[in-house]
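> got a sequence here, can you model it:
(2 chains)
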Amino acid sequence: MSARLMQGNEAIAEGALKAGVRFFGGYPITPSTEIAESLAKLLPKFGGTFVQMEDEIASMGVVLGASLAGKKVLTASSGPGISLKQELIGYASAAEIPVVIVNVQRVGPSTGQPTAPSQGDVMQARWGTHGDHSIIVLSPWSVREAFDLAVKSVNYAERFRSPVILLTDEIVGHLRENVELPAEVEIYPRRTPKISRAEGYQPYAPDEDLVPNVANFGEGYHIHVTGLIHDDTGFPSGSPKVTREAIKRMHEKISRAEDEIIEVHQEFMDDAEFAVVSFGGTSRTAYEAVLNARKRGIKIGFVRLITIFPFAEKIIRELSKNLRGLIVAELNFGQLVNEVERAVAGQCAVKLCAKYDMTIFEPEEIETSIDELIAEVNGNG
Amino acid sequence: MVERSYEKFFRQNRLPHLWCPGCGNGIVMKAIVQAIEKNPAYTQDNTVIVSGIGCSSRASGYMDFDTLHTAHGRAIPFATGVKLARPELNVIVITGDGDCTAIGGNHFIHGCRRNVDLTVILFNNNIYGMTGGQASPMTPLGKKATTAPYGSVDRPFDACKLAEAAGATYVARSTAFHVQHLVKMIEDGLNNRGFSFIEALVQCPTAYGRRNKMGDPAKMMAWMRDNAVMKNSWDKLPDEKKIGEKFPIGLFYKAESVDYDTAYQKVIDAAGGGAK
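Below is the predicted model of the structure:
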């Protein structure tokens, strides 16, 4: 396949299609609209369905209905739209419905700066909907990776029957790069019941990996799906034991697969005394800053979180044992830094390099932070 | 013993239901399965029942189909997703006055506008029953609720007029008293290919009737009998007689219009995507 010039948002649409997505429900919002526009054009070519809904809540509802009817589904939005989607992200979590939600982050809170990049939704991605829930959050740094992570998000949503958030930003969303896309990708198929109704099928009985094999609608299983806490039958239960076990299982189905899910891109770490931790569009600048600092003889490494949640706690903790200090560079007032500090647990210095003024980082800004950190650690800051 | 063939449509192990003694919801739930029974295109395997949140929306759990008890107000978007994903399935929505016309109001009018092939049955008990009797957008003026202790001053919706204006292609109203009529209204709605809306007035003796001194459930149903006027008769009434608590029931509107699935199949054809 020859290289094509495309945008990060378009690559997400292409990746989703390649992974088998055949249903998209959305609502226009900058800077994610190109995902909807691409799929409005592409989905019907594959016999799929694109529907523009009346609001973001309905966009979530329509994709969850389609997912229960057996389609692989995607929705995309940004800022205020993602806030509105939270209600039914929780429903997807409780009722274990596969769905991928793309968040092309822009500056908030509220309407904020609609066309400007930000990474201010990190903790919302983890905890945006109410109640105890688990979630998978992935973040790409390039157009090609936007494609790859779109595929991965769809596969994880299906495998774990969980909402997956593809947390990108305006930088990657609107970035144009020449990319070669693979002709084929690995696809995780929709889970299906292993036994019949007559054999005592229960839609929410967990399989060995703790994930239930919920039947699609229209297959004769007569299943009941609800956002109420339910037992293996799918029907609501008022029992403390059922409640405890349901919440625990929904966390553990993801946490027990953490080592597989968590991906961290590391470079220049062999001799590193310091490192810059970043994700998404900011990693492009952080990489440049690390290269520049290395040219100046500073032993600094590059750590990029591809999986934001579940958080790479063990990896960061291990790294920090051999480091003197870490920079966390993020386009917000400081969110991921708290997770990093928790993982580091005092084993090395942690310094926040934050920016929240609509503009992306310049490499010099991160380099200045690196120099400051080194000075602080050396006791002459 | 009278043969009750409709019983197969219920999940016997989920009964008895949680509704209060004298509640009208069970009558409407039964009317729905009786209408389904009359339509050979609707089977327990190819019909999906979708509901929102509230007393009436608990009906989905008692009905032996694929059933989807969604979030408050969101039944119509979920149902739209099921229908557009698999157009061969029949999709019925069960909702209440608060669920459909307050928190789900936007979804309701846009469902009507798109003319998605759904049959939406609104159980109108004029109150939020599950939460204990708060005023809904369909609580009549002057009626009392826990959040309208001096009588409601909020002008109520006429959900049928709303549905018609928003583009529904089948609009009807009946009551829990007029059971045979109610079954017929639902049956005709199931046969309409497009967005069908049936408002079913139900008595809520616990959270609405009691507070408004409307008497026991039988008295509330007698009120329906005495005040509901068949559409044909209603149309002949001079305006000065359309007063007090009288209200029309029957088929209000029916139109032939392309449903959303049919329209979208044309999009797929134009894009060269073949069958959905």
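> so where's the stretch 201-350 of chain A shaky on pLDDT?
Filtered on pLDDT under 70, the stretch 201-350 of chain A yields no residues whatsoever.
> residues contacting the residue in the stretch 51-200 of chain A that chain B sits nearest to?
When scored by C-beta to the nearest C-beta, the stretch 51-200 of chain A has A:Gly65 as its residue closest to chain B, at 2.5 Å. (C-beta placed from N, C-alpha, C; glycine too.) Contact analysis of A:Gly65 by C-beta atoms under 8 Å, 6 or more residues apart in numbering or on different chains lists B:Val50, B:Leu68, B:Pro77, B:Phe78, B:Ala79, B:Thr80, B:Gly81, B:Val82, B:Lys83, B:Ala85.
> out of everything not next to it in sequence, what's closest to residue 113?
Went with chain A since none was named. In space, and not counting its chain neighbours, A:Gln113 is closest to A:Val107: 3.6 Å by C-beta to C-beta, 6 or more residues apart in numbering or on different chains.
> my question was about chain B, not that one.
B:Gly167 (4.4 Å).
> what does the one you found show for phi and psi?
phi 120, psi 10 (degrees, to the nearest 10).
> count of neighbours near residue 7?
Defaulting to chain A. A:Gln7 has 19 neighbours, counted by other C-beta atoms under 10 Å in any protein chain shown.
> that's the wrong chain, I wanted chain B
12.
> could you pull out the strands in the stretch 1-150 of chain A for me?
Assigned by DSSP state E, counting those that start in this stretch, the strands in the stretch 1-150 of chain A fall at A:4-7, A:21-26, A:49-52, A:72-77, A:99-107, A:113-117, A:136-138.
> got TSV for those, with mean pLDDT too?
Shown next, in TSV, are these (pLDDT from 0 to 100):
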stretch	mean pLDDT
strand A:4-7	97
strand A:21-26	98
strand A:49-52	98
strand A:72-77	98
strand A:99-107	98
strand A:113-117	95
strand A:136-138	98
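> would you convert those into JSON lines that also reports distance to A:Ala289?
Formatted as JSON lines, the strands of the stretch 1-150 of chain A follow (distance: least, C-beta to C-beta, whole Å):
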{"stretch": "strand A:4-7", "distance to A:Ala289": "25"}
{"stretch": "strand A:21-26", "distance to A:Ala289": "35"}
{"stretch": "strand A:49-52", "distance to A:Ala289": "40"}
{"stretch": "strand A:72-77", "distance to A:Ala289": "30"}
{"stretch": "strand A:99-107", "distance to A:Ala289": "21"}
{"stretch": "strand A:113-117", "distance to A:Ala289": "17"}
{"stretch": "strand A:136-138", "distance to A:Ala289": "23"}
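> could you check the pLDDT of the residue nearest to B:Arg113?
On pLDDT, B:Gly167 comes in at 98.
> kindly report the same for B:Glu240.
88.
> and the residue of chain B nearest chain A?
Nearest residue of chain B to chain A: B:Gly81, at 2.5 Å (C-beta to the nearest C-beta).
> pretty sure A:Glu339 sits against A:Phe311.
Yes - applying C-beta atoms under 8 Å, one finds A:Glu339 in contact with A:Phe311, separated by 5.0 Å.
> around chain B, which positions in the stretch 201-350 of chain A sit nearby?
With the criterion set to C-beta under 8 Å from any C-beta of the partner chain, the stretch 201-350 of chain A comes near chain B through A:217-228, A:235-236.
> of these, which is the most crowded?
A:Phe217 (30 neighbours).
> residue contacts, that residue?
Residues near A:Phe217 by C-beta under 8 Å, 6+ apart: A:Leu68, A:Ala69, A:Gly70, A:Ile223, B:Val48, B:Asp66, B:Leu68, B:Val82, B:Arg86, B:Leu89.
> from what I can see B:Ala31 touches B:Ile198, true?
No - contact criterion C-beta under 8 Å: B:Ala31 and B:Ile198 do not qualify, at 9.4 Å.
> of those two, who's got more company?
A direct count of neighbours by other C-beta under 10 Å for B:Ala31 and B:Ile198 places B:Ile198 higher, at 29 against 26.
> so that one sits in a strand?
Yes - according to DSSP: H, G, I helix; E, B strand; the rest coil, B:Ile198 belongs to a strand.
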